[in-house]
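1. just a sequence and a predicted model for now, questions to come.
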Amino acid sequence: MLKKNIIRFVLCIHNSNCDDIELRKIYQVIPDEKSSQDGYLRIIDESGEDYLYPEAYFTPIPLPKEAKELFPVS
């Protein structure tokens, strides 16, 4: 379950048949509880829009406290 107002980032580790995500690139996750329950993450991809991708294509990246302070929470 994703908590609202928490900015999360993931690293792309697989991009089979996806032109809008790049391997070894970091993406921001948009909270979407329903999609998460179905095994998908909503991320802002190379198009600049948010889309659903299989959760297995990414691995979470924990941010240090100093980095978290740089990102405003909406």
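-> Happy to help now that I have it.
2. excluding its backbone neighbours, what's nearest Gln28?
-> Ile44 (5.1 Å; Cβ to Cβ, 6 or more residues apart in numbering). The way it works is simple: take the backbone N, C-alpha and C, and place the C-beta from them, glycine included.
3. report the contact partners of that neighbour.
-> 27-28, 30, 50 (Cβ atoms under 8 Å, 6 or more residues apart in numbering).
4. over to Tyr27?
-> 9-12, 21, 43-45, 58 are the contacts of Tyr27 under Cβ under 8 Å, 6+ apart.
5. and it, bridged to which residues?
-> Val10 (DSSP bridges).
6. then the helix or strand of the chain with the lowest mean pLDDT to PDB, C-alphas only?
-> Lowest by mean pLDDT, DSSP states H and E among the helices and strands of the chain is helix 65-68, with a mean of 78. The C-alpha coordinates for helix 65-68 follow below in PDB (Å, rounded to 0.1, in the frame of the first residue of the first chain):
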ATOM      1  CA  LYS A  65      17.200  12.300   4.300                       C
ATOM      2  CA  GLU A  66      19.200  15.100   2.600                       C
ATOM      3  CA  ALA A  67      17.800  14.200  -0.800                       C
ATOM      4  CA  LYS A  68      14.200  13.800   0.500                       C
END
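7. pull out the buried members of the contacts of Tyr27.
-> Neighbour counting over the contacts of Tyr27 (16 or more other Cβ atoms under 10 Å) leaves 9-10, 12, 21, 43, 45, 58 as the buried ones.
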